[in-house]
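**Q** Structure, please.
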Amino acid sequence: MFRQKRLHLYLFLTLFLLLGRGMAGLAVEEAPGPPPAFPEREETQATVYSGYLAYLPFVTSPPEPLPWVNTQDRTAVQQHYLVEYAASEGEPPGWTGDHGNCNPGTTTAAFREAVLRRINYFRAMAGIPAVMGFDGTYNSKAQAAALMMSVNRALSHTPPTSWTCYSADGSSGAGSSNLYLGIYGPAAISGYVQDPGSGNYFVGHRRWILYPQTRIMGSGDIPPQSGYPAAQALWVFDHDHMWGPRPTTREAFVAWPPPGYVPYQVLYPRWSFAYAGANFSNATVTVTRNGQAIGVTVSPVVNGFGENTLVWELGESIPQPPGSDITFVVTVQNVVIDGTPQSFTYEVTVFNPDS
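**A** So this is what the prediction gives:
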């Protein structure tokens, strides 16, 4: 009898561990894989009138792209967070696909709008033009890519033909997209901007989200189901605009966190400062708080992902949420632009938008 009880206990523990591993595959949020590098330049295939594409079939497009936010206005930043960021949470995906039949399916228009809204939240805060909409072809290829990532429980910009549910569309989407495994939808967009993981020290995913020239994207989202993890593919290669003139931006540079007021919820460990064509090889950065210098760790410079960018991390943590507003003064020096070293100084004030 004792041996039988031990056998039952052993079988129970084995089943518990196996189920636990399956559930962990649904719950664990992994870091995104490496970002896609700049593709080879292609000839423009569309005619542009007043900044709008003449032929692209938008399946998700805001009525009017929001202008960027005045981040020096605390109330404006607070309202932008509560209205745009928070409002993009909680929309059900309505996914119509199936892992077992390799059917990528689709998500609802409302869900795609929530994803687009999250993208444009970050772009408006960063002081760059909004993405005008999602293209249907980009969506389909990104959706096929996301399915491949979920089914194979792995991330790759060049998936092998041996992968389960491999498709040419999915391969095309994988090579042109930010990729995330473990989360999807608006949460994945925030994950790209956060860009965690040791291999993402140069924040390549963030740089594609905040690339000023981008006007068109595509989104593919797979929710977790039947033991398969969630996955997201965000098509970021806007071939008709990515090599075009840089649009007007709020500042000459694009920083995250941006100058001005920033909700603590979107303040991430990695800070970045991007300037088109700049040479950051010998650039330095200092950060002070209340006049006292804070230690920073500057990451190696890696070009080829959006605009040239300098990345660093602070040597101290910030309370979550902060009890009161916290202001940092950032100075980036020896940024070589057109052969001339330049310096930039700006303030970042972290605050709690819920108080």
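
**Q** Would you map the strands across the stretch 251-355 of the chain?
**A** 254-256, 260-263, 270-274, 284-289, 292-294, 296-298, 309-314, 326-337, 340-351 (DSSP state E, counting those that start in this stretch).

**Q** One more: the stretch 101-250 of the chain?
**A** Assignment of strands within the stretch 101-250 of the chain using DSSP E, counting those that start in this stretch yields the ranges 133-135, 177-181, 216-222, 231-235.

**Q** Pick the most deeply packed of these.
**A** strand 231-235 (a mean of 30; mean count of other CB atoms under 10 Å). Backbone N, C-alpha and C define where each C-beta goes, glycine included.

**Q** Partner strands of that one, with direction?
**A** strand 177-181 (antiparallel), strand 216-222 (antiparallel) (DSSP bridges).

**Q** Tell me how far that strand lies from the chain's centre.
**A** Offset of strand 231-235 from its chain centre (CA atoms, centre = their mean, to the nearest Å): 10 Å.

**Q** got it, and stretch 257-273?
**A** 14 Å.

**Q** Quick check: closest non-adjacent residue to the residue positioned nearest the centre of the chain.
**A** Centrality entry for the chain: nearest residue to the mean C-alpha point is Y192, 2.4 Å, by CA atoms, centre = their mean. Among residues not flanking Y192 along the chain, H205 sits closest, at 3.9 Å (CB to CB, 6 or more residues apart in numbering).

**Q** same deal with P160?
**A** P160 sits nearest to Y166 (CB to CB, 6+ apart), 7.4 Å away.

**Q** just checking, that neighbour touches L147?
**A** No. Contact between Y166 and L147 fails when scored by CB atoms under 8 Å: they sit 10.1 Å apart.

**Q** From the neighbour counts alone, determine which of the two ranks first.
**A** For Y166 versus L147, neighbours defined as other CB atoms under 10 Å are more numerous around L147 (29 against 16).

**Q** Pretty sure that one sits against Q232.
**A** No. Applying CB under 8 Å, one finds L147 not in contact with Q232, separated by 11.0 Å.

**Q** shared neighbours, these two?
**A** Here L147 and Q232 share the contacting residues G220, I222, scored by CB atoms under 8 Å, 6 or more residues apart in numbering.

**Q** just to revisit the earlier point, report pLDDT for the residue nearest to P160.
**A** Note on Y166: pLDDT of 99.

**Q** Ok, T60 next?
**A** T60 is assigned 48 on the pLDDT scale.

**Q** can you give me the helices for this structure?
**A** For the chain, applying DSSP state H gives helices covering 2-27, 74-80, 109-126, 136-152, 168-175, 186-194, 204-209.

**Q** so which of those gets nearest S162?
**A** helix 136-152 (9.7 Å; CB to CB).

**Q** Now the closest one: buried residues?
**A** By neighbour count on 16 or more other CB atoms under 10 Å, the buried set for helix 136-152 is 137-152.

**Q** chain center to stretch 313-323: distance?
**A** 21 Å.

**Q** residues making contact with that stretch?
**A** By CB under 8 Å, 6+ apart, the list of residues contacting stretch 313-323 from outside reads 264, 267, 269-271, 287, 294-297, 299, 326, 350-352, 354-355.

**Q** give me the low-pLDDT residue ranges for this protein?
**A** By pLDDT under 70, the weakly predicted segments of the chain are 1-29, 38, 40-66.

**Q** let's see 90
**A** The chain contains residues with pLDDT under 90 at 1-67, 87, 226, 315-317, 355.

**Q** Could you list the domains of it?
**A** Domain assignment for the chain by automatic domain parsing gives 23-37+70-235, 254-351.

**Q** Among the contacts of stretch 313-323, name the buried ones.
**A** By 16+ other CB under 10 Å, the contacts of stretch 313-323 give Y264, L267, R270, W271, V287, V296, S299, I326, V350, F351, N352 as buried.

**Q** ok, the fifth one to E347 distance?
**A** Distance, V287 to E347, by CB to CB, to the nearest Å: 10 Å.

**Q** before we move on, what about the fourth one?
**A** Counting by CB to CB, the separation of W271 from E347 is 13 Å.

**Q** so what's in contact with the two at the same time?
**A** V330.

**Q** okay but A114 is in contact with A187, surely?
**A** No. Counting by CB under 8 Å, A114 does not reach A187; the two are 10.3 Å apart.

**Q** Those two: which has the busier surroundings?
**A** A114 (24 against 17).

**Q** Compute the distance between the more buried one and A144, please.
**A** 21 Å.

**Q** try E316
**A** 44 Å.

**Q** for G133, same thing?
**A** 20 Å.
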